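Asks: coords please:
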Amino acid sequence: MRNITETVKHLLIINIIFFIASLSLGEVVYDLFALHYPSNPKFQYWQPLTHMFMHGDLGHIFFNMFGLYMFGTPIEQMWGRNKFIFFYLSTGFGAAALQLLLYYYQISSISDLLLAEGLNASEVSRFFLTSDLSYTLVDRIGRAELVSGLSAFNGVMVGASGALYGVLVAFAFLFPNARLMLLFPPIPVKAKVLVPLLILGDLFFGFTSYSIGPIAHFAHVGGAITGLIMMWYWKKNQFDKNRWDL
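Replies: Presented below is the predicted three-dimensional model:
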């Protein structure tokens, strides 16, 4: 077992504290700290940050924290504290941004349909706030489409997965030939092969209906894309470790 670095250790502790609080206090913690759609009354300006430290269940936090420990530790050892935490938070914000952009597209599409059916702007807003599916136009528009819009408006985003995908991209850049062991089947795969496969898997599940559970696949993709852009920029401009030390 490699020695854990300071920033990774602190991130693990913060995530565990948030998880214990969510188990102890329940929904009030999710209402305050999970990321809600900006037009939702439960949205707060700090949620794009705090949602990275929230998790849905024990399996969710275990795999994210194990991944953060395994891949974040060697990256922080190479980069140092400041560069690593900047990268980690940036990829988390990028993950949230792409997922919210998807929600915006879904909500805007439903809003346009409702407006075309004769509802005014205040009635459309009331529809999303009340989730009222008793309108006579529901059958004309399609219940499934309306439910997808309501799900986006009322969606709750939690987890460090988006930031972790950014970390995975950085690991594949820095240690491309490192062999990572798959669980099923248990075979070693190079990081430069496995990480792109994971991202392609999220794109597939994100664009199809085959997703297992309420997984924000496009948040994973958003974190990966943000990490890819940052790694490409830093490599191009040769941002070395010393520029980030205080």
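Asks: make it CA atoms for all contacts and neighbour counts henceforth
Replies: Noted.
Asks: Please enumerate the strands of the chain.
Replies: Taking DSSP state E, the strands of the chain run over residues 35-36, 156-157, 179-181, 188-190.
Asks: So which of the ones you listed is the most surrounded?
Replies: Among the strands of the chain, strand 35-36 has the highest mean neighbour count (mean count of other C-alpha atoms under 10 Å), at a mean of 26.
Asks: quick one: strands adjacent to that one?
Replies: strand 156-157 (antiparallel) (DSSP bridges).
Asks: Could you list the residues in contact with the strand it pairs with?
Replies: Here strand 156-157 makes contact (C-alpha atoms under 8 Å, 6 or more residues apart in numbering) with 34-37, 51, 96, 216.
Asks: Which one of those residues is nearest to Ser111?
Replies: Comparing those against Ser111 with C-alpha to C-alpha places Tyr37 closest, at 14.8 Å.
Asks: roughly how far apart are the closest one and Phe128?
Replies: Separation of Tyr37 from Phe128 (C-alpha to C-alpha, to the nearest Å): 11 Å.
Asks: Need the overlap of contacts for those two.
Replies: With C-alpha under 8 Å, 6+ apart as the test, Tyr37 and Phe128 both reach Phe153.
Asks: what's Leu12 in contact with, if anything?
Replies: Contacts of Leu12 (C-alpha under 8 Å, 6+ apart): Met65.
Asks: 10 Å instead, please
Replies: 6, 53, 61, 64-66, 68-69 (C-alpha atoms under 10 Å, 6 or more residues apart in numbering).
Asks: As a check, name the ranges of all helices in this protein.
Replies: Listed in chain order, the helices of the chain (DSSP state H) span residues 6-25, 27-33, 47-50, 58-67, 73-79, 81-116, 121-130, 138-141, 143-153, 161-174, 191-207, 217-237.
Asks: among those, which is nearest Pro41?
Replies: Shortest distance between Pro41 and the helices of the chain, using C-alpha to C-alpha, is found for helix 121-130: 8.4 Å.
Asks: send the alpha carbons of the helix or strand bottoming out on mean pLDDT in the chain over as CSV?
Replies: The weakest-scoring helix or strand in the chain, judged by mean pLDDT, DSSP states H and E, is helix 138-141 (a mean of 72). Extracted C-alpha coordinates of helix 138-141, given in CSV (Å, rounded to 0.1, in the frame of the first residue of the first chain):
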residue,chain,number,x,y,z
VAL,A,138,-50.0,15.4,-21.3
ASP,A,139,-51.2,12.7,-23.7
ARG,A,140,-50.5,15.0,-26.7
ILE,A,141,-46.9,15.7,-25.7
